[in-house]
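Asks: following is a predicted model, sequence given first.
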Amino acid sequence: MVELKALSELNSIHQSQLLNYLKATDLKLGLLVNFGQRSLESKRLVNNFSQQ
């Protein structure tokens, strides 16, 4: 799953939101990408609760 944002800063709420999406869809891997800063910011998150 890829979550795109255009924010001045990513915080833990955005990471939690993506983890909740991963849990709800039972997907294992998510990318959080922020285009709102001068340089691209990205985080890779893993759903440890996946049943796959």
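Replies: Perfect, thanks for sending it.

Asks: burial check on Ser42, number of neighbours?
Replies: By the criterion of other C-beta atoms under 10 Å, Ser42 has 11 neighbours. C-beta here means a position set from N, CA and C on the backbone, and glycine is covered the same way.

Asks: and Leu10, by the same measure?
Replies: Neighbours around Leu10, by other C-beta under 10 Å: 19.

Asks: for it, give its distance to Asp26.
Replies: 24 Å (C-beta to C-beta, to the nearest Å).

Asks: equivalent analysis for Ser39, please.
Replies: 33 Å.

Asks: for Arg38, same thing?
Replies: On the measure of C-beta to C-beta, Arg38 and Asp26 end up 36 Å apart.

Asks: more neighbours, the two?
Replies: Asp26 (11 against 5).

Asks: for that one, give its distance to Met1.
Replies: 11 Å.

Asks: so which residues of the chain form strands?
Replies: Ranges of strands in the chain, per DSSP state E, are 2-5, 29-34, 41-46.

Asks: tell me the most buried of those strands?
Replies: Stretch with highest mean neighbour count among the strands of the chain: strand 29-34 (a mean of 16; mean count of other C-beta atoms under 10 Å).

Asks: my guess is Lys28 contacts Phe49, does it?
Replies: No - taking C-beta atoms under 8 Å as the definition, Lys28 is not a contact partner of Phe49, at 9.7 Å.

Asks: tell me which residue lies nearest the centroid of the protein.
Replies: Residue closest to the mean C-alpha point of the chain, counted by C-alpha atoms, centre = their mean, is Leu32 at 3.4 Å.

Asks: re the thing from before, and the strands of the chain: which comes nearest Leu19?
Replies: strand 41-46 (5.9 Å; C-beta to C-beta).

Asks: now for the closest one, which elements pack on it?
Replies: helix 12-25, strand 29-34 (3 or more C-beta pairs under 8 Å, 6 or more residues apart in numbering; DSSP states H and E).

Asks: from Leu45, how far off is Val2?
Replies: Per C-beta to C-beta, Val2 is found 11 Å from Leu45.

Asks: okay, Gln17: pLDDT?
Replies: Confidence at Gln17, expressed as pLDDT, is 96.
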